[in-house]
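Colleague: Mind looking at a prediction? Sequence and model below.
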Amino acid sequence: MSSTTDTRIQPGSTVLWDKGDAAGHDILGTRTFGFWLYMLTDAMVYAAFFAAFGVLAHNAGLNSKSVLAAVFNAQGAYRETIALFASVLAYGYAMVALKKGSRSGVAVGTVVALVLGLVFLGMVSGDMERLFGQGIVPQSNGFLSIVFTLIIYHALHIIVGAIWMLVMLAQMGRDGFTSNVVYRLINLRIFWHFQAVIWVFIFVFVYLQGKVI
Amino acid sequence: MFVHLQGPWNPVWGRLSLQAIPYHNPILVGTFLFAVVIALAAVGAVLYFRAGPYLWREWLTTVDHKKIGVMYCLLGLVMLFRGFADALMIRTQQAIAVGPHSPGYLGALHGYLTPFHIGQVYTAHGLIMVVFAATPLLVGIMNIIVPLQIGARDMAYPYLNALGFWLTAAAAGLVMLSLFVGNFAHGGWYGFLPYFELPYSPGVGVDYWMWAFQLSAVGTTLGSINLIATIVKMRAPGMTWMRMPIFTWASLSTNLIALTSFPVLMVSLALLGLDRYFGTHFYTAGNGGNLMLYNDLFWVWGHPEVYFLILPAFGMMSEIIPTFSEKTLFGYTTMVVASFAIGGVSWGVWLHHFFTMAAEPSVNSFYSVTTMLVGIPTGVKVFNWIFTMYRGRVRFELPMMWAVLALFLLLVGGMSGMMNAFAANDYMWHNGVFVVAHFHMMVLLIAASIFGAVEYWFPKIFGFKLEQRWGKWFFWFMVLGTAWVFVPMFILGFTGMTRRLDYVPYTQWAPYLRVMLVGMAFYVIALVFFFAHLYVSLRDRVKNRVGADPWGTSRNLEWMTHSPVPAYNFAYIPHVHARDEWAWRKENGVASLANESFEDIHMPRNTGVPVLLGALSFVLCFGLIWRIWWLSAASLALVVLVIIVRSFARNTDEVITAKTVAGVEGAVDDALPSAARG
């Protein structure tokens, strides 16, 4: 068997080496692709958490739905949802501004998204404080352990996102739209939307399940 | 907020006290002295040769994928040595402590290791061999070879690459530190719940195990993101998917496994951490915890992890066998499909690790069948390798010898694996040494592939061939050791011996255990030959100098640049026209590396940030293990700060000027390959 292929080549007409194009690769595409891969790992973390949620909901003769109904406040969570979604929307407008190359537009959108994210965080932490004050804590039982872990892990992501937005505002102010700044803004969009998607699952499984089903 | 602890604790030192240092144990004191001598020798050598600045500039701060890969391999080798020392202790203990009249030394009733001590030894052996020896060696070789095989100048994210390595190194450092400060987990490398919960394992051993594991998982996940992005985004022009070298395909498949499975490991360990630090009830025996949740989450990682280890080994065999058969690989497409089939099936077999634990027959049957399915793509690969050798001009040089050994071990391990796949069989020998012998065949096949790959690609990276004579002695004593240790272990498994015994009750087993000890002696001799192999190779490095294509029959892109590979890999990025591009160019008479005019090359600049982050992570985990909260909080804050500050850095790239490139290219002599062949 010949090694690989039947085509013979004409020496002289075949390009063997890539001359004159040293830069080559697409930086933005590579960076955002890698961030997608990272988001996949985070999705796997959440998937494992939700699997644990499904397992622990069926333990120790506990009626998990009545626990959820008694403990969690769906109206409050609805307000949290509105805040987070509005934040994602604001950041979406920031990305429209990025396409137009408007620094002020990106800055305004990011600041609004940041403020709404902090509002969300405030509401979540208020909710946690209320529950902890009533003696409803992650240490109560396995089911509440996973429920609180889900909510707090998500809130940690929101904190990271908020720090990231501050950093981006600073870098945008200093450098303008360099390729580093642009790919980070795009990655932040992926990150921020993903947190909203995950919140939908948390809202449905934790806050709504006890009320509706 | 934190769970109440038994025993002393203070805000400054946490649980750390002088009692944590095991100075009363002569074995550990001896090990400590050995480590001190090695460390002093290393530091002394660095100072004597004034190599500190060189090490910092060229290695510790490097973002060059080849150097990072070499460091991964060195880390893997050191930990392989440590894991082997553990194995030696287990085998010696089991050869002595047989029957009620067996002698006891050093405070042990039988043998010379107390149950608590040997428990730590086998836990460390398992964890080290899987996570800190095999994984760094494989990741290191993928790191070196994949960018070369796809015609790239570096990985997609060189900085992240260095970070992944330093996190792994920090994790390995934690395992080593547990020898001398505190102790290690003693319940098996994959953990037992609820035994690993705080009330039953109150010491720091489980915490060492958990944080080292966790940190290495983060490192490996980062590495997998990097390798996937590199393969998808950085291929040379003309390299379509189906022209990719098969080792690159195997790397892609294996890193997709790592990408999706390691996060699950992180969750399984993090939930245990929450239990141990905050008193939650994920895996507790009461309060609505579920200990089977741990088994499922852990093995949902654990079984894909097995294929994460074996697929690159298969990829290495697929590179070595065609080169030394002087033929193209038989069944390239089926090889690709088989790699991804194995990767896919790996997700559906995890329950076979605990057939005996509370699953219905229907569930067990499902996992039996999926486990047997693995045999199909693996069988495809075996036949492809055999058909590659069939009617080839097979040359039994060292890499080929290791590859063929790996093939034999795969047959033994794979067949015994099929036996384990029957749930009914597993009920007979669950947690027995038959299973242990089976998976040691598999990991030894990985080890054999790694040794073969190192022999094969060493000249590419370092520019000279390893010598053959001592290497062959090393090979044959590894074969002898493997046969003498594991054939008796299969027999003992059939006669009902269970794993992890600190005391063997039946004297009838004594002969087998002693034969295994002889096997260990062969391994020790092999180790001596290994060092001789290394020493002679280094001594004769000028004589064994080679050119771009030292084996003469290599087929892929990594041989299309000089040996050793320059920092920028390729002065010009090659255009790819065929699968096995280098073989194709040789056939068409265009296999020349000569270039006249050169251009500036952009490369990432070295940075000390990854090594700093690795050190801070080490301190962070150390603080968590000993519950020194201020230390952990401070190092976590520093980690965040360093990451933010680094993100503001602007001059992260540098230019290698055309003049420098011309100088490097002019200095190498590629005319060597044919002279140095054979």
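Modeller: Thanks, I have it.
Colleague: Count the neighbours of the nearest residue to residue B:55 once chain neighbours are set aside for me.
Modeller: Of all residues not flanking residue B:55 in the chain, residue B:46 sits nearest, at 6.5 Å (Cβ to Cβ, 6 or more residues apart in numbering or on different chains). The way it works is simple: take the backbone N, C-alpha and C, and place the C-beta from them, glycine included. Residues lying near residue B:46 (other Cβ atoms under 10 Å in any protein chain shown) number 14.
Colleague: Would you mind listing the buried residues in the host helix or strand of residue B:46?
Modeller: Assigned by DSSP states H and E, residue B:46 belongs to helix B:26-48. Of the residues in helix B:26-48, those buried by neighbour count under the rule 16 or more other Cβ atoms under 10 Å in any protein chain shown are B:28, B:31, B:32.
Colleague: Return only those of those found close to chain A.
Modeller: The overlap between the buried residues of helix B:26-48 and the neighbours of chain A (Cβ under 8 Å from any Cβ of the partner chain) is empty.
Colleague: which secondary structure elements does the longest helix belonging to chain B contact?
Modeller: Residue-count comparison of every helix in chain B, with assignments taken from DSSP state H, identifies helix B:291-325 as the longest. Secondary-structure packing of helix B:291-325 (3 or more Cβ pairs under 8 Å, 6 or more residues apart in numbering or on different chains; DSSP states H and E): helix A:27-56, helix B:135-149, helix B:246-278, helix B:332-345, helix B:375-389, helix B:398-421, helix B:433-462.
Colleague: Pull the distance from that helix to the chain's centre.
Modeller: Distance, stretch centre to chain centre, for helix B:291-325: 11 Å (Cα atoms, centre = their mean, to the nearest Å).
Colleague: returning to what we had before: kindly export the helix holding residue B:46 (C-alpha atoms) in CSV.
Modeller: What follows is helix B:26-48, C-alpha atoms only, in CSV (Å, rounded to 0.1, in the frame of the first residue of the first chain):
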residue,chain,number,x,y,z
PRO,B,26,11.9,4.9,61.6
ILE,B,27,10.6,4.2,58.0
LEU,B,28,9.4,7.8,57.6
VAL,B,29,12.5,9.2,59.3
GLY,B,30,14.6,7.2,56.8
THR,B,31,12.5,8.5,54.0
PHE,B,32,12.8,12.0,55.3
LEU,B,33,16.6,11.7,55.5
PHE,B,34,16.7,10.4,51.9
ALA,B,35,14.5,13.3,50.7
VAL,B,36,16.8,15.7,52.6
VAL,B,37,19.9,14.3,51.0
ILE,B,38,18.3,14.5,47.5
ALA,B,39,17.0,18.0,48.1
LEU,B,40,20.4,19.2,49.5
ALA,B,41,22.2,17.6,46.5
ALA,B,42,19.8,19.3,44.1
VAL,B,43,20.0,22.7,45.8
GLY,B,44,23.8,22.3,46.1
ALA,B,45,24.2,21.5,42.4
VAL,B,46,22.0,24.5,41.4
LEU,B,47,24.1,26.8,43.6
TYR,B,48,27.5,25.2,42.6
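Colleague: for that helix, packing partners?
Modeller: Packing contacts for helix B:26-48, counted by 3+ Cβ pairs under 8 Å, 6+ apart, involve helix B:158-180.
Colleague: could you give the mean pLDDT of the helix holding residue B:46?
Modeller: Here the mean pLDDT over helix B:26-48 is 92, rounded to a whole number.
Colleague: Same question for stretch B:505-524.
Modeller: Along stretch B:505-524, the predicted local confidence has a mean pLDDT of 96.
Colleague: same thing with stretch B:221-241?
Modeller: 95.
Colleague: what do you get for stretch B:307-322?
Modeller: In this model, stretch B:307-322 has a mean pLDDT of 96.
Colleague: Next, the angle from the biggest helix by length in chain A to helix B:246-278.
Modeller: Longest among the helix segments of chain A by residue count, using DSSP H, is helix A:142-175. The directions of helix A:142-175 and helix B:246-278 differ by 120 degrees, with axes from the mean of the first three to the mean of the last three Cα atoms, to 10 degrees as the criterion.
Colleague: Show me what helix A:142-175 is packed against.
Modeller: Using 3+ Cβ pairs under 8 Å, 6+ apart as the contact criterion, the elements in contact with helix A:142-175 are helix A:27-56, helix A:64-71, helix A:103-133, helix A:179-202, helix B:246-278, helix B:629-647.
Colleague: With mean pLDDT added, can I get those helices in CSV?
Modeller: What follows is these, written out as CSV (pLDDT from 0 to 100):
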stretch, mean pLDDT
helix A:27-56, 94
helix A:64-71, 79
helix A:103-133, 96
helix A:179-202, 96
helix B:246-278, 96
helix B:629-647, 97
